[in-house]
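K.L.:
following is a predicted model, sequence given first.
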2 protein chains.
Amino acid sequence: MAITKFISERNLRFLLYEVFDLESLTDYPHYREYNRKMFDMVLDATVKLSKDLMWPILEEMDQNPPQLVDGRVKVHPSVRNIMQECGEGGWIAAGFNEEFDGQQLPILFVSVCRFIFMAANYSAGIYPELTAGAARLITSFGSKELIETYVPNMLNGNWQGTMAMTEPQAGSYLADITSTAYPTGDGYYRIKGQKIFISAGDHDGVDNVVHLMLAKIEGAPAGVKGISLFVVPKLIPSAEGQLVPNDVIVTQVYHKLGYRGCPITELSIGDKDDCIGFLLGEPHKGLSYMFQMMNEARIGVGLGATAIASAAYYAALDYAKQRSQGRNLSQKDPTLAAVAIIEHADVKRMLLFQRSVVEGALALLLQSAKYADLEKVSTGGKKEKYALLLDILTPVVKSYPSEMGILSVSQGLQCLGGYGYCQDFPLEQYYRDARIHPIHEGTTGIQGMDLLGRKVMMQDGRAYKLFLEEIQRTIEKASGIDQLTSYTRKLEKACELLQSVTTHMKSLASSAGPEVFLADATVYLEFFSIIAVAWQWLKQMVAIQKGLEKKHSRSETQFYNGKFHTFRFFFSYELAKIYGLAPRLMDSDRVTTEMQPELFND
Amino acid sequence: MAITKFISERNLRFLLYEVFDLESLTDYPHYREYNRKMFDMVLDATVKLSKDLMWPILEEMDQNPPQLVDGRVKVHPSVRNIMQECGEGGWIAAGFNEEFDGQQLPILFVSVCRFIFMAANYSAGIYPELTAGAARLITSFGSKELIETYVPNMLNGNWQGTMAMTEPQAGSYLADITSTAYPTGDGYYRIKGQKIFISAGDHDGVDNVVHLMLAKIEGAPAGVKGISLFVVPKLIPSAEGQLVPNDVIVTQVYHKLGYRGCPITELSIGDKDDCIGFLLGEPHKGLSYMFQMMNEARIGVGLGATAIASAAYYAALDYAKQRSQGRNLSQKDPTLAAVAIIEHADVKRMLLFQRSVVEGALALLLQSAKYADLEKVSTGGKKEKYALLLDILTPVVKSYPSEMGILSVSQGLQCLGGYGYCQDFPLEQYYRDARIHPIHEGTTGIQGMDLLGRKVMMQDGRAYKLFLEEIQRTIEKASGIDQLTSYTRKLEKACELLQSVTTHMKSLASSAGPEVFLADATVYLEFFSIIAVAWQWLKQMVAIQKGLEKKHSRSETQFYNGKFHTFRFFFSYELAKIYGLAPRLMDSDRVTTEMQPELFND
């Protein structure tokens, strides 16, 4: 594969240093060990690792998907190497505190590293990603013993971590899980049940797999209030330091559309009544623990979706620059030489669409990551404020990149015409890989209900108000810049519409009941997300204007000008779409709630 | 595969008889041999053939893609059977006049048959589809000898037909093709060149392959005015009735994202300077001949895209009815039994979206087919009128189903959650198959330029005016129906906006030049298409109201009510989207034309 670019390092540095002021975080004691030079070094090392280890096997991993052989899942031989390097190099532990031998790097920075890995090779990036997420659950809620037994081996890449939530009969409705934990009185439980769609649920690239598994303790209350969280290792470390097989077996590796470098497994737990699990934290609080981790996992999905879209964009851009075809429309002379297709306005439109989605989504993701940092280092009212801002943005940063990532990759594929449909170029793989994101870690429909039903409503709309205030702050900063006046006005108008629509939706909650109130939650999510991303583009523009004012090299000026055009594109083409969504959200036609299932018969 | 429904026969009959009044065509002498009973019989036979022969091998064909073995392309063994049945049963010849031993069935009706085959198995349906298209080129422009030599064997399914247009260096810009035809003075030409992306360019399911190939006669004018059309058989029928190998070889079978049951091939022509081709019609008129066939081929792509979306919709619907998960939002009691997911408003929204796209797109396709019929049977001004209406709708019926079909299938996949992403259900295949449509037979970008740059402008906007008059006629019919008043008003408002936007776009042509004028042609195409489909929904509603007024069985009332809700959905959710597109089309920010290629460097 001749293409060698899958991210823009310049843009990552722009976001980290010029937009989100990463260095300001080092003023807080928690991050005081770091400085710009160290960030740059780690960033370089991350890019190098991703290019050396992950990128070259992107297609190989896709073409040789995991196999279930004699009860074990065989994956690409490089997975072991990747886990080792990510463990030894400190990437799995990057966001962990020093007490766990972590690097204690800012979440903002760690998010960029995760993005780079997943852009190089989404499947490859998932192994360390999941391990970090599972280990964090243990450090957050586990006993000292659980932490000491499991966390070091996970953070050093020897053991894989998983999130084992979904069950066949329950799907998205975790309240209905039936996996059961039976107390033994010996400090552990015996677990019985079945889990489906468990990413990296087993593989031969590690020495052990540690499942963070939801189950109900026998006799627990019905619904979500009866769910507990357990550590269920594939092999149980004995007091003598040996690894003893536990009663967890892989019954299936799913054959799937994409994301083929990583196994998604079906697990059967306690078939021989001998599966041992260790309760994490207190009984019946499993779901609330999981939810505290959800922000990280959902940002992870958003990062992964944006990462694939980034790689697809650079593949399309590379093709568009090299492929000659046709002439400018004003030149009718057929004897003239053909021009590169990047000269055609419609191709530029497709490229700008991709770039505006990728860089807009990434900015919003890093905004969330910065809120997570600020929450971590703050106390009192400030801590609460940042927690609320992170909360309200989480469904947005999970679903906007997921949904728009699909469209972005599709436009990338379209730039290549027939070649985009063929396996000679990576676009068709990106197209398959990207489709997972609106599904896992809570479907888009669930994110919509989370945003409108919970996040916008909670604490009498406090998170929502804080969100609007944050936009207002950016608008104020931009107001001083002449070149931005018309765009600032556009965003103000969008916020006014957001207010009207939100007021209307909230009124439905009381006047028409929950079904009608949430029937269009997914549409509201899309509407809300476009405005949030427009905000991030205006925020970038403030930094771009600063950049443009300085004297620069030609390439720097090009960079800032390119960003400026991409910003213009988003405001003209994408922000306008809210005016196609608002009429539906304000419409009193309740067609979806009134549609009776039998009317689908034809 | 447990799913057994891929089309709605009831809806097909509704469109044929209640909306487009197929029977009225039998008043014309050309179609006088037919009546309702005969149509129904052929329809039943078509459904039976598609269910018996094509549907059962949908997944098999995908999982065992064509292989190039010793210079021959091996395809699924059933392809021979399919071609034979479609030949002997008269389906390839369905739309051909009696003089060619055709069935002389109305294009409206034949379009429905094509739709059924492609819904059952898109790849399988393409073999007869392409053969009919190629044969029609020969009957339209070929000499008696060419017709007698090639057409009977194509229409009876013994020989495959292809369209060999694309070349590696030219892509979408046919003006730049370099395949060359050298006159021999013996009634044929020697051809030399290379063709890429040729569907069904060779396979072992037929005894011969007949390429309809574009090439330039040595010394021809540059550009499109130098293109001629040739019949280039794989095996040349000798005077003695033998088949003698021609110098056309398959150099590659592409490995592609989907549409895997049919080979797309790379052809090398005249490597040994011994490829014989026969000129079709006059020299240098090849492209105009091809364009006369384009309407049929592009309607074919629209039918195929809608067909896949139809199959995906019924697979999603089947799942949504059977899959229990969660409870109604007003019921918080976790001990209640889970409900079928079709009860959830968001799932109904996803299903209604699919149904509104599938049935709306299909109506517009059949509207075009009816115009083609009326053009065929009319004379003088009427003939011209229907030709213009068909012309202006062609880019719309090619691209709306292609683009929206992708989104529709994607929503179908989403209904299945994680299962949609796995090979256990056909959704992931449909998702891959559907992605070809915005690419082949002219990309969406090209359709946009065709609509705005040619069709809207031609004859001082005559086709465009006729199109608006057709909508007006429907509005007038609907105006008499009380229940439709608010919807009729919505369509009127949409037409007013179409007028404003079109006037604005046309003014750009003169004030700002062709680059700016056509820079947003793709966006205009989307905008225009939504209004065209809304028109078709209102047209269906007039028929639905008639249906609802009659006394019916419960299932019939359900059918009409289901259509009514789907109509409401389209008007509330989909038609509103024009208000998110118009602001961009009216925006004076020329960001795509101003974006210089080097500004993409970062």
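P.N.:
Everything's here; your move. Numbering: from 1, shown residues only, chains lettered A, B, ... in the order given.
K.L.:
for A:Leu22, give me its contacts.
P.N.:
For A:Leu22, the contacting residues are A:Leu16, A:Arg36, A:Phe39, A:Pro106, A:Leu108, A:Phe109, by Cβ atoms under 8 Å, 6 or more residues apart in numbering or on different chains. All C-beta atoms are positioned from the backbone trio N, CA, C, and that covers glycine.
K.L.:
check contacts around the third one.
P.N.:
Shown here is A:Phe39, whose contacts under the criterion Cβ under 8 Å, 6+ apart are A:Leu16, A:Leu22, A:Glu23, A:Phe109.
K.L.:
related to what we said a few turns ago, quick one: which of the contacts of A:Leu22 has the most company?
P.N.:
The most crowded member of the contacts of A:Leu22, judged by other Cβ atoms under 10 Å in any protein chain shown, is A:Pro106 (30 neighbours).
K.L.:
which residues touch the closest residue to A:Val409 other than its chain neighbours?
P.N.:
Counting by Cβ to Cβ, 6 or more residues apart in numbering or on different chains, A:Ala312 is the residue found nearest to A:Val409 once chain neighbours are left out, at 4.3 Å. By Cβ under 8 Å, 6+ apart, the contact set of A:Ala312 is A:Gln354, A:Ser408, A:Val409, A:Gly412, A:Leu413, A:Pro426, A:Leu427, A:Tyr430, A:Tyr431, A:Ala434.
K.L.:
can you tell me what sits against stretch A:10-21?
P.N.:
A:22-23, A:36, A:39, A:43, A:108-109, A:112, A:115-116, A:359, A:362-363, A:366-367, A:370, A:539-540, A:543, A:546-547, A:559, A:563, B:602.
K.L.:
filter those residues down to the ones in helices?
P.N.:
Per DSSP state H, helices hold the following members of the contacts of stretch A:10-21: A:36, A:39, A:43, A:108-109, A:112, A:115-116, A:359, A:362-363, A:366-367, A:370, A:539-540, A:543, A:546-547, A:559, A:563.
K.L.:
buried subset of the residues you listed?
P.N.:
With burial judged by 16 or more other Cβ atoms under 10 Å in any protein chain shown, the buried subset of the ones in helices among the contacts of stretch A:10-21 is A:39, A:43, A:108-109, A:112, A:115-116, A:359, A:362-363, A:366-367, A:370, A:539-540, A:543, A:547, A:559, A:563.
K.L.:
for stretch A:183-192, the distance to its chain's centre please.
P.N.:
Relative to its chain's centre, stretch A:183-192 lies at 35 Å (Cα atoms, centre = their mean, to the nearest Å).
K.L.:
for stretch A:264-282, same thing?
P.N.:
27 Å.
K.L.:
please apply the same query to stretch A:457-469.
P.N.:
Worked out by Cα atoms, centre = their mean, stretch A:457-469 lies 23 Å from the chain centre.
K.L.:
cool, stretch A:346-353 as well?
P.N.:
Worked out by Cα atoms, centre = their mean, stretch A:346-353 lies 24 Å from the chain centre.
K.L.:
wondering if it reaches chain B at all.
P.N.:
Yes: interface with chain B: stretch A:346-353 contributes A:Asp346, A:Val347, A:Lys348, A:Arg349, A:Met350, A:Leu351, A:Leu352 (Cβ under 8 Å from any Cβ of the partner chain).
K.L.:
with only the CA atoms kept, save that stretch in PDB.
P.N.:
Extracted in PDB, the C-alpha atoms of stretch A:346-353 (Å, rounded to 0.1, in the frame of the first residue of the first chain):
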ATOM      1  CA  ASP A 346     -17.200  18.300  -6.600                       C
ATOM      2  CA  VAL A 347     -14.200  16.400  -5.500                       C
ATOM      3  CA  LYS A 348     -13.100  19.300  -3.300                       C
ATOM      4  CA  ARG A 349     -16.500  19.300  -1.800                       C
ATOM      5  CA  MET A 350     -16.200  15.600  -1.000                       C
ATOM      6  CA  LEU A 351     -12.800  16.100   0.500                       C
ATOM      7  CA  LEU A 352     -13.800  19.200   2.500                       C
ATOM      8  CA  PHE A 353     -16.800  17.300   3.800                       C
END
